[in-house]
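Student: Output the structure for:
(one chain, ligands or ions: 2)
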Amino acid sequence: MPHIAVVGSGPSGVYTAQSLIQQGSLPDIRVDVLDRLPCPYGLVRYGVAPDHEKIKSLQGTLRTVLQDERIRFLGGVEIGPSLPPAKLLELYDAVVYCVGAAADRRLGVPGEDLPGSWSATDFVAWYSAHPDARDDGFVRDVRSAVAIGVGNVAVDVTRMLARGAAELAPTDMPQAALGTLAASAVRDVYMVGRRGPSQARFTTKELRELGALPGAEVVVDEAELILDPGFRDPAALPTAVRRNVEVLRGWAGRPRQGAARRIHLRFFLRPVEIVEGRGRVAAVRFERTRPDGHGGVLGTGVCEEIAAELVLRSVGYRGVPLAGLPFDAGLGTVPHAAGRVLRGGLVSPGEYVAGWIKRGPTGVIGTNRPCAKETVSSLLDDLAELTGAQERARDPLAGLLAAGVRPVEWDGWRSIERAEAALGLSLGRGSVKISDWAGLLSAARGPSGA
Ligand SMILES: Cc1cc2nc3c(=O)[nH]c(=O)nc-3n(C[C@H](O)[C@H](O)[C@H](O)COP(=O)(O)OP(=O)(O)OC[C@H]3O[C@@H](n4cnc5c(N)ncnc54)[C@H](O)[C@@H]3O)c2cc1C
Ligand SMILES: NC(=O)c1ccc[n+]([C@@H]2O[C@H](COP(=O)([O-])OP(=O)(O)OC[C@H]3O[C@@H](n4cnc5c(N)ncnc54)[C@H](OP(=O)(O)O)[C@@H]3O)[C@@H](O)[C@H]2O)c1
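Tutor: Numbers count the residues shown, from 1 in each chain. Ligands and ions are numbered 1, 2, ... in the order given. The predicted structure follows:
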């Protein structure tokens, strides 16, 4: 009976497990899906914005996979120094690492670490109730906020800052974050790109949503659109980009409506410094850029400051090295060939990667499905050799327990779900996420959490 470990229960981990049971046509295959968190689904639970209920509902699809009798969820199991990859290889025929890209890219400008300057990763983790998140107040005493970057994560955090409490209350966001955002005095949110609108990474559906928020209006300066060569000849642009430019052009031509909150979409501004005032963030200094004719930009030497008490740096995620696995620090990924982990350029038998730790932090949930399939094809091609290499009589769980691991199994996760439903009921809301380790573990294992 081949026994495979999948490390990480985000989309790539779940799609890998699904592919293993579907693609392999091996009726006796067993897959353990391990995650350091007691809760499954990775960024679908801890990244997808709470007001995107339709996308959040994908958790239902992932759940169906994890409930298959050949798959076992083992939460609260962190692979790292105390349970290294070499130990997993002793217990399983093969291991697929689907650990995502949990850290943020740095901007590399002065003032980046001032109080009030956070990565979008921090802010997202907070409103998503990730148990490692810190509650830093974020929007307390903030009237003006700047999101640096024009990808979909920047759109998410901009939207969360501009939404009113009435729209957030029906979501599953933690009560403390809801209270903080409900009391927010943020009036202006600036989302700023260093290049032009036709190089922005956001998608049109997400962009349009900014223009449909109750009590908020979008402000676009036509002059910044005109700078973009794509604006002058939209017909030459790919359809998705042309749609973005059309949406922006529509907003630029609209008179101000006097809404309570304003979302300013700014372009051709490269961050050069986060400016301090009274010991914390007071503004962001940008250098005006202009197109270089090849999709990039050149500095003009002209600077502009946008006053802000909060800065969210939303310039992309970054993979984190996992002790005992090779890591390409430049790319932030694990080196691989069609999903097979490479150590010193050579295939490491039995070790695989899928998802963001394989490709880097780009792509929507669905992108991880073909990525996982490719990895599983490689694994299945190798499987006869891997299972022939050694006899494994024991259930790997016995080996994990002997190594001191105390997993939260599926019943434990179901208990967390019930506790979150009960918490929501007590607050007069729908299900509300538990945001701390102690609360999650006591819900999963009983009051002591032990
Ligand atoms: C803020 C944000 C919002 C997004 N919103 C959308 C959206 O609305 N729609 C969309 O289609 N896509 C969205 N995406 C993209 C989508 O979330 C990713 O494509 C997808 O989650 C990547 O899947 P993954 O499995 O590689 O990583 P992840 O989803 O990050 O899963 C990795 C898992 O590995 C676990 N793990 C990490 N290290 C270890 C370890 N050492 N031991 C054990 N377990 C470990 C983690 O706990 C986690 O559960 C969003 C991304 C972000 C960052
Ligand atoms: N609703 C959804 O479907 C959804 C929601 C969230 C995330 N996602 C997906 O998740 C993935 C990650 O999203 P993301 O927004 O984190 O990353 P992203 O799409 O790569 O966007 C990163 C942004 O940061 C900018 N940037 C990078 N370095 C910078 C610097 N030094 N100074 C200024 N700006 C800088 C980039 O500009 P340049 O282009 O100039 O480098 C880009 O605008 C994407 O594939 C995204 O589509 C999807």
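
Student: How many residues are close by residue 8?
Tutor: Per other C-beta atoms under 10 Å, the neighbour tally for residue 8 reads 27. (Glycine included, C-beta is placed from N, CA and C.)

Student: Surely it and residue 95 touch.
Tutor: No: using C-beta atoms under 8 Å, residue 8 makes no contact with residue 95, being 10.8 Å away.

Student: what helix or strand does residue 361 sit in?
Tutor: For residue 361, there is no enclosing helix or strand under DSSP states H and E.

Student: Check the gap between the residue in the stretch 51-200 of the chain positioned nearest to ligand 2 and residue 31 for me.
Tutor: For the stretch 51-200 of the chain and ligand 2, the shortest gap (C-beta to the nearest ligand atom) falls at residue 151, measuring 2.3 Å. Counting by C-beta to C-beta, to the nearest Å, the gap from residue 151 to residue 31 is 33 Å.

Student: low pLDDT regions in the protein?
Tutor: 24, 389-391, 393, 448-450 (pLDDT under 70).

Student: So which residue is smack in the middle of it?
Tutor: residue 47 (4.4 Å; C-alpha atoms, centre = their mean).

Student: Break down the stretch 351-450 of the chain into its helices, ranges please.
Tutor: Applying DSSP state H, counting those that start in this stretch to the stretch 351-450 of the chain gives helices spanning 356-359, 368-389, 396-402, 410-426, 437-445.

Student: Of those, which stretch is the most buried?
Tutor: Among the helices of the stretch 351-450 of the chain, ranked by average contacts under mean count of other C-beta atoms under 10 Å, first place goes to helix 356-359 (a mean of 26).

Student: for the residue in the stretch 251-400 of the chain positioned nearest to ligand 2, what are its contacts?
Tutor: Closest approach between the stretch 251-400 of the chain and ligand 2, counting by C-beta to the nearest ligand atom: residue 315, at 3.6 Å. Residues near residue 315 by C-beta atoms under 8 Å, 6 or more residues apart in numbering: 104-105, 107, 148-149.

Student: for it, helix, strand, or coil?
Tutor: Here residue 315 takes the coil state, with states given by DSSP: H, G, I helix; E, B strand; the rest coil.

Student: Give me the distance between it and ligand 1.
Tutor: Remark: distance between residue 315 and ligand 1 (C-beta to the nearest ligand atom, to the nearest Å) = 12 Å.

Student: What of residue 351?
Tutor: Taking C-beta to the nearest ligand atom, one finds residue 351 at 14 Å from ligand 1.

Student: Repeat that for residue 214.
Tutor: Residue 214 is 20 Å from ligand 1, by C-beta to the nearest ligand atom.
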